[in-house]
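Asker: Build the 3D model from these lines:
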Amino acid sequence: MTILKTIMIAGVLLTTTAAAMAGPIDDRQNRQSQRIVQGVQSGQLTFGETVQLVQAQQRIQAMKMQARADGFVDPWERARIRAAQDWQSLNIYVKKHN
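Answerer: Numbers count the residues shown, from 1 in each chain. Modelled structure (predicted):
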């Protein structure tokens, strides 16, 4: 019974650690999605611009899911996702202010 408890505790710790490390990435994705929605509501984004930005958000989401597939997001994967998010943030700004 103690081995089962140890395995369960290890599983909870690993899950908690993975969730904590992915938190900033998820938070940023949510903020960027909100910026896109705000741009649509204010009329700053056209339909075509919105489609491009949403597709880019989906690609970043796929990158996140692929990185998390093995249960661990390594520093290289995290840096790649952050770079994609940086590029997306710039795209959102440019499309909202053109």
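
Asker: When you work out contacts or count neighbours from here on, use the C-alpha atoms and nothing else.
Answerer: OK.

Asker: Could you list the residues in contact with stretch 85-94?
Answerer: 28, 29, 32, 35, 36, 53, 56, 57, 60 (CA atoms under 8 Å, 6 or more residues apart in numbering).

Asker: Name the helix or strand for the last one, please.
Answerer: Pointing back at residue 60 there. Assignment of secondary structure by DSSP states H and E places residue 60 within helix 47-68.

Asker: In the helix or strand following that helix, which residues are buried?
Answerer: Going down the chain from helix 47-68, the next helix or strand is helix 75-96, by DSSP H and E. Along helix 75-96, these residues count as buried under the neighbour rule (16 or more other CA atoms under 10 Å): 77, 78, 81, 82, 84, 85, 88, 89, 91, 92, 95, 96.

Asker: what angle do helix 75-96 and helix 47-68 make?
Answerer: Computed by axes from the mean of the first three to the mean of the last three CA atoms, to 10 degrees, the angle separating helix 75-96 from helix 47-68 equals 170 degrees.

Asker: what comes into contact with stretch 54-73?
Answerer: Contacts of stretch 54-73 (CA under 8 Å, 6+ apart): 18, 29, 33, 36, 74, 77, 81, 84, 85, 88.

Asker: Mind checking the pLDDT average for the strand or helix carrying the fourth one?
Answerer: Assigned by DSSP H and E, residue 36 belongs to helix 2-42. Per-residue confidence for helix 2-42 averages out to 68 on the pLDDT scale.

Asker: Next: stretch 64-82.
Answerer: 94.

Asker: mind checking the end-to-end distance for that stretch?
Answerer: Distance across stretch 64-82, first residue to last, is 10 Å (CA to CA, to the nearest Å).
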